[in-house]
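Engineer: curious how this folds, go ahead:
(chains A and B)
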2 protein chains.
Amino acid sequence: MAFLMSAPAWAQDEATIVHAEALRDRAMAGNQALAIVTDITTRFGPRPAGSEAEQAAAAWAADYMRANGFQNVRIETFPLIGWERGEQGGAITGPRPQPLVVAALGHSPATPAEGVEAQVVRFTSLEALQAAPETAVRGKIVFIDMGQMRPMQDGSGYGPQTRVRGGAPAVAAAKGAVAFIMRSAGTDEDRMPHTGTTRYVEGRPTLPSFALSAPDADQLSRLIVMGEPVTVRLFSSARTYETTSQNVMGDLPGRTRPNEIIVLGSHLDSWDLGTGAVDDAAGGAITLAAALTIQAGGRRPARTLRVILYGSEEVAQPTAATGDGGGVYVRNLGEAVADHVVAGESDFGADRVYALRLPPGAQGSAFQQAATRVLYPIGVLASNTPELSGGVDIGPLARAGVPVFTLAQDGTRYFDLHHTANDTLDKIDPDQLTQNVAAWAGLIWLIADSEVDFRAMRPAE
Amino acid sequence: MAFLMSAPAWAQDEATIVHAEALRDRAMAGNQALAIVTDITTRFGPRPAGSEAEQAAAAWAADYMRANGFQNVRIETFPLIGWERGEQGGAITGPRPQPLVVAALGHSPATPAEGVEAQVVRFTSLEALQAAPETAVRGKIVFIDMGQMRPMQDGSGYGPQTRVRGGAPAVAAAKGAVAFIMRSAGTDEDRMPHTGTTRYVEGRPTLPSFALSAPDADQLSRLIVMGEPVTVRLFSSARTYETTSQNVMGDLPGRTRPNEIIVLGSHLDSWDLGTGAVDDAAGGAITLAAALTIQAGGRRPARTLRVILYGSEEVAQPTAATGDGGGVYVRNLGEAVADHVVAGESDFGADRVYALRLPPGAQGSAFQQAATRVLYPIGVLASNTPELSGGVDIGPLARAGVPVFTLAQDGTRYFDLHHTANDTLDKIDPDQLTQNVAAWAGLIWLIADSEVDFRAMRPAE
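Structural biologist: Residues are numbered from 1 along each chain as shown, chains lettered A, B, ... in the order given. Next up, the predicted model:
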């Protein structure tokens, strides 16, 4: 005999929780997210911010929302400096000529037509480059090899890599280097480099900058350690151009408190090397499918759900020089940001959700207990975290005071694929994708059909 | 050309950091920990707290420390209520008789000689059991099946399981149940149950309590869901007895500040089903080998290293009814606890260290930067964490005000083995074990040969 009864301790309305469980189970039996991610990645392929492919995907997504009952569907267009990779190449030219597999980093400037050729100076950390005298760097190609990035379930190995990728080219430039190369920020050993954006300095790009595949970084490092001076030639015909990107959004209006808005979504743009399946057609598919699961469940929640598919996440710069969809959304909101009760984004691939991180004040609350009751059976633990900044897309909402949550996805294999040519549809595990939809549908229903106010639950400062 | 030079930002003494790097590399080239863990698991086999095997292992460890140059080696004995498993068994007796693979939980009382036989009432959470009326439970065997535990790198799936294992038997007893069974707290699908201790209530055990292997829990749950009443018979001849356990400890005295003590170590006791290889001969081997690596490095650090191999960790109770080595150590210290500058323990298997968690005040400090310089090359990231409670062994030191750190080990496969008959030497990956020693040797040297004071770095309260 199985007892599945309510405990007085839940405090959430029992009917709301039971319906969340039903939505979870409905989602687990479906495959709508797989259909959406298949459409986006197949019809539009790679979707660099500001490209025709990104614009076409946005138009398709607006049509999809309208056809599926979303209200107030709109496209919010904004100007953008786009970046096109063009052609690229690299080779060791001395002491023994051999090819290198490289990818230019996003917003890296072109080299001259004949390329850049120079001796390589190698460092094993950003600090070592910072400490090096100018005389050791001037006229050379700076190579940073921190060693291979290790897989982590929470993806925490990526931070030290983005610090180098974002900041090292400017440090190298200030010391007179002529180009920058780094070991790919990735956990695989494929002969396939990982791209990703570099940071502008005062609104301008710095050095021609490239990532080497892991086996190429191994090879170059070994050769340098063997002791002879090594020269490398790098080539890139990358260019920037004026264009536009856009956010696509639509609402499922709430029944009794339609002015209280819950934001969910992901970015629609992708890098150019793969087809942006795990980064991040999957996130759009998960959040759209979760909203549609709630709609199909036959009950409208009290609050409004807004799904946003942001433009231009991958090239977002702290200086906003390139525009970013999440920032544009908040700037255009003005005072309406006060209507936003919570925001979440799905942007860490398509593997299973393993943890729920609620805003700090909600940790240990009756709401968290109810969410655990709904999500634990599909493998999601409540996880208490000191602060949540959101991701790139909802970070601007968080900084404007909107509470954010995270449904943390297993990132163990994410950085095998992320920002490479290998980021393609076949890498998505349909069962884990479906579990994501179930977690989102159950949690979003619980928030949407309740009066939970994470802002009022903030710990005293 | 490779630059590996000091940056002014390190703030730690450069010679100390360079020596830490050398110790790390020396450890990576060694295999002393594998020799120690082989000795402990092979010579003594399972080492339940208070058993002759645990006592013999402690005597061996003291001899080992003396033979390897430790000073002030001593065995700290304390009284203990030991627990012996005896014989155990389980079976479905109706509607279709079939055997069950079960393990009694630690400190579970014996059943009558003829066993306990009753209808099973199943719950999917502790809350559901708490909410159930007495009439549904009285005279029955309570079964909690929360579904299979999922692997997590940080082991965070274990908390909800220990909450059930520790507390549910008392809840069931209060409602008149005659025995308690649960799905094993484990991530494997082997026909092998996971033991672990139950919590006493007011100093006394509650119901005869058992874990089912995962396939047995699947089978029993399916049968119950199919709808016929299911009866189960359980048998245990477990007994408790008066005995002693002990902590073993030894010092490598500091050069200039010998009264400042750094505690490292692990527990020497184990569960009885396996040979306690990953839980936790490995931890003793890692910390002993790290201390010996520092000793072999030819420089004595300023501070004293104390390696403690604790007794009776596995059966430690919040009420101290069974005694626990970590608590005994602190009680016997008295005011000398003030000499302890930091404590760490290694008790999460033998897979690689992936993160360093320093006391909150040290996060972002120059010390953390230096530690990152030493540990990042072997795959260890600095991780900022709001508070650290230490583990079971050093928890009492932490509660007495001693700062604690964690070298977090990859727990992804830990709960496949933990507390089962499968916890044996062959499961240890020698390369990952060695990386643990390197991380400990590098970090401990950095602390030991510096004036870093984590107590002074505490954030204001």
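Engineer: domain parsing of chain A, as residue ranges.
Structural biologist: A:7-83+A:241-457, A:88-237 (automatic domain parsing).
Engineer: can I get those in TSV with mean neighbour count?
Structural biologist: Placement of C-beta: from N, CA and C, glycine included. Listed next are the domains of chain A as TSV, based on neighbours: other Cβ atoms under 10 Å in any protein chain shown:
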stretch	mean neighbour count
domain A:7-83+A:241-457	21
domain A:88-237	20
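Engineer: quick one: the ones you listed as JSON lines, columns for distance to chain B and mean pLDDT too.
Structural biologist: Output for the domains of chain A, formatted as JSON lines (distance: least, Cβ to the nearest Cβ, whole Å; pLDDT from 0 to 100):
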{"stretch": "domain A:7-83+A:241-457", "distance to chain B": "4", "mean pLDDT": "94"}
{"stretch": "domain A:88-237", "distance to chain B": "4", "mean pLDDT": "95"}
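Engineer: between those domains, which one is nearest to B:Ser389?
Structural biologist: For the domains of chain A, the distance to B:Ser389 is smallest for domain A:7-83+A:241-457, at 12.9 Å, taking Cβ to Cβ.
Engineer: if we can go back for a sec, let me have the domains of chain A in CSV, adding distance to B:Arg96 as columns.
Structural biologist: Output for these, formatted as CSV (distance: least, Cβ to Cβ, whole Å):
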stretch, distance to B:Arg96
domain A:7-83+A:241-457, 27
domain A:88-237, 41
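Engineer: surely A:Leu292 is in contact with A:Asn68?
Structural biologist: Yes: taking Cβ atoms under 8 Å as the definition, A:Leu292 is a contact partner of A:Asn68 at 6.0 Å.
Engineer: I'd guess A:Thr304 is in a strand, am I close?
Structural biologist: Yes: assessed with DSSP: H, G, I helix; E, B strand; the rest coil, A:Thr304 lies in a strand.
Engineer: how about it: what's its closest non-neighbour residue?
Structural biologist: A:Gly254 (4.2 Å; Cβ to Cβ, 6 or more residues apart in numbering or on different chains).
Engineer: secondary structure class for the one you found?
Structural biologist: A:Gly254 - assigned by three-state DSSP - is coil.
Engineer: and of the domains of chain A, who's closest to B:Arg373?
Structural biologist: domain A:88-237 (7.1 Å).
Engineer: first-to-last residue distance for that closest one?
Structural biologist: Using Cα to Cα, to the nearest Å, one end of domain A:88-237 lies 6 Å from the other.
Engineer: and what of stretch A:192-202?
Structural biologist: 31 Å.
Engineer: now do the contacts for the residue nearest the centre of chain A.
Structural biologist: Nearest to the mean C-alpha position of chain A, by Cα atoms, centre = their mean, lies A:Asp347 at 4.2 Å. Residues in contact with A:Asp347 (Cβ atoms under 8 Å, 6 or more residues apart in numbering or on different chains) are A:266-267, A:279-280, A:283, A:313, A:391-393.
Engineer: quick one: A:His267 and A:Ile394 touch, right?
Structural biologist: No: counting by Cβ under 8 Å, A:His267 stays clear of A:Ile394, with 10.5 Å between them.
Engineer: off-centre distance for the longest helix along chain A?
Structural biologist: In chain A, assigned by DSSP state H, the helix with the most residues is helix A:430-448. Mean-position distance between helix A:430-448 and its chain equals 18 Å (Cα atoms, centre = their mean, to the nearest Å).
Engineer: that's a strand at A:Val73, yeah?
Structural biologist: Yes: the assignment for A:Val73, made by three-state DSSP, places it in a strand.
Engineer: which residue sits closest to it, ignoring its sequence neighbours?
Structural biologist: A:Gly250 (3.9 Å).
Engineer: assumed the one you found was part of a strand.
Structural biologist: Yes: assigned with three-state DSSP, A:Gly250 falls within a strand.
Engineer: who's it bridged to?
Structural biologist: A:Val307 (DSSP bridges).
Engineer: hang on, it packs against A:Leu305?
Structural biologist: No: if you go by Cβ under 8 Å, A:Gly250 and A:Leu305 don't touch, sitting 9.2 Å apart.
Engineer: report the contact partners of A:Ala290.
Structural biologist: A:27, A:264, A:437, A:440-441, A:444.
Engineer: distance of A:Ala91 relative to A:Pro208?
Structural biologist: 15 Å (Cβ to Cβ, to the nearest Å).
Engineer: what do you get for A:Val452?
Structural biologist: For A:Val452 relative to A:Pro208 (Cβ to Cβ), the value is 50 Å.
Engineer: quickly find the element holding A:Thr162.
Structural biologist: helix A:158-174 (DSSP states H and E).
Engineer: counting by contacts, list what the helix or strand following that helix packs against.
Structural biologist: Beyond helix A:158-174 in the direction of the C-terminus, DSSP H and E gives the next helix or strand as strand A:179-183. Packed against strand A:179-183 by the contact rule (3 or more Cβ pairs under 8 Å, 6 or more residues apart in numbering or on different chains; DSSP states H and E) you find strand A:116-123, strand A:141-144, helix A:158-174, strand A:209-212, helix A:214-226, strand A:231-236.
Engineer: Throw the contacts of A:Ala290 into TSV and include distance to B:Asp351, thanks.
Structural biologist: Formatted as TSV, the contacts of A:Ala290 follow (distance: Cβ to Cβ, whole Å):
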residue	distance to B:Asp351
A:Ala27	34
A:Leu264	36
A:Val437	32
A:Trp440	32
A:Ala441	35
A:Ile444	36
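Engineer: where does the spatially closest residue to A:Gln55 that is not a sequence neighbour land in three-state SS?
Structural biologist: Computed as Cβ to Cβ, 6+ apart, the closest residue to A:Gln55 that is not its neighbour in sequence is A:Gln246, at 6.9 Å. Under three-state DSSP, the three-state class of A:Gln246 is strand.
Engineer: surely A:Gln246 is in contact with A:Leu309?
Structural biologist: No: with contacts counted by Cβ under 8 Å, A:Gln246 stays clear of A:Leu309, the gap being 9.1 Å.
Engineer: okay, and the common contacts of those two?
Structural biologist: A:Ala58.
Engineer: please enumerate the strands of the stretch 1-150 of chain A.
Structural biologist: Counting by DSSP state E, counting those that start in this stretch, the stretch 1-150 of chain A has strands at residues A:2-3, A:71-84, A:88-94, A:98-100, A:102-104, A:116-123, A:141-144.
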